[in-house]
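Asks: no FASTA, just this:
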């Protein structure tokens, strides 16, 4: 569904990604793990059009999307839940969700997607008129994912969904990610510091080190890899 070939991305004179290549098959969960500064967030931002690559290809659904503006990429069915959630703090939960559906003109479809989001995250329905900035961290993460789902994506990118959350909430969020993949058939690219959890729920993984692809393989195999265990799994 998504293929990246020799992708290089720079911030001025600093190269953040050095010719990485990876693929995300349709219907799978693929995870990107690595230390802070490895280039994981840069990869997601480049795929979603927030950054322009210096060179390389990004092919989504058979079409080249590198350098396209973000709203065009969303139209193609690709949504991005950014690191730090980035909700609209001064708007209500409902207004945030409605903004996620800004490209959708059919009100019936918007209503149906809203029902799906509320079924997935009942807490959001309880809080629909609450100002988003007053939600707990876990509720804000639910809202960020719900807002992305309102655009009816076929492909969902999640950047550090466990960041700053209590362990019990992390478990809930990851269960929902699996549910989104299995029940809705949405392909997922997951960036996550909690490598153990990420490899537990994903099918395939890539390890980035200082902007380069260090390892790749089935998630179950990566969990047993001594190098991965030592660097990322505390083993």
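Replies: Arrived safely, thanks for sending. Given the structure is predicted, the values throughout are model-derived calculations rather than measurements. Numbering: from 1, shown residues only.
Asks: Pull out the buried positions in the lowest-mean-pLDDT helix or strand in the chain.
Replies: None of the helices or strands of the chain scores lower by mean pLDDT, DSSP states H and E than helix 226-232, at a mean of 85. Residues of helix 226-232 classed as buried: 228, 231-232 (neighbour count, 16 or more other CB atoms under 10 Å). The C-beta positions use only the backbone N, C-alpha and C, and glycine is treated the same way.
Asks: So which elements touch that helix?
Replies: helix 195-201 (3 or more CB pairs under 8 Å, 6 or more residues apart in numbering; DSSP states H and E).
Asks: What strand or helix carries residue 170?
Replies: helix 167-184 (DSSP states H and E).
Asks: for stretch 121-131, how far is the first residue from the last?
Replies: 17 Å (CA to CA, to the nearest Å).
Asks: number of nearby residues for residue 104?
Replies: 15 (other CB atoms under 10 Å).
Asks: did I read that right, it in a strand?
Replies: No - using DSSP: H, G, I helix; E, B strand; the rest coil, the secondary structure at residue 104 is coil, not a strand.
Asks: Skipping its backbone neighbours, what lies nearest it in space?
Replies: residue 110 (5.3 Å; CB to CB, 6 or more residues apart in numbering).
Asks: What separation is there between that neighbour and residue 151?
Replies: 10 Å (CB to CB, to the nearest Å).
Asks: Distance from stretch 20-33 to the middle of the chain?
Replies: 11 Å (CA atoms, centre = their mean, to the nearest Å).
Asks: Could I get the full set of strands for the protein?
Replies: 2-11, 14-24, 29-33, 55-60, 63-64, 78-81, 155-159, 187-191, 204-209, 212-218 (DSSP state E).
Asks: I'd like these as CSV, with distance to residue 198 and mean neighbour count appended.
Replies: CSV is the format used below for the strands of the chain (distance: least, CB to CB, whole Å; neighbours: other CB atoms under 10 Å):
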stretch, distance to residue 198, mean neighbour count
strand 2-11, 17, 18
strand 14-24, 14, 18
strand 29-33, 4, 25
strand 55-60, 22, 17
strand 63-64, 28, 10
strand 78-81, 14, 24
strand 155-159, 10, 24
strand 187-191, 6, 24
strand 204-209, 7, 22
strand 212-218, 13, 16
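Asks: just to revisit the earlier point, need the contact partners of the least confident helix or strand of the chain.
Replies: 33-35, 195-196, 199, 207, 215, 222-223, 235 (CB atoms under 8 Å, 6 or more residues apart in numbering).
Asks: re the thing from before, tell me what angle the helix holding residue 170 forms with strand 155-159.
Replies: 170 degrees (axes from the mean of the first three to the mean of the last three CA atoms, to 10 degrees).
Asks: so what's the closest residue to residue 88 other than its chain neighbours up against?
Replies: The shortest distance from residue 88 to any non-neighbouring residue, by CB to CB, 6+ apart, is to residue 96 (5.4 Å). By CB under 8 Å, 6+ apart, the residues touching residue 96 are 87-88, 132, 143, 146-147.
Asks: just to revisit the earlier point, how far does the helix holding residue 170 sit from its chain's centre?
Replies: With CA atoms, centre = their mean, you get 13 Å for helix 167-184.
Asks: now the angle from it to strand 187-191?
Replies: Using the same axes, to 10 degrees: helix 167-184 against strand 187-191 is 160 degrees.
Asks: just curious, which of the contacts of residue 96 is nearest to residue 76?
Replies: Using CB to CB, residue 147 comes nearest to residue 76 of those, at 17.7 Å.
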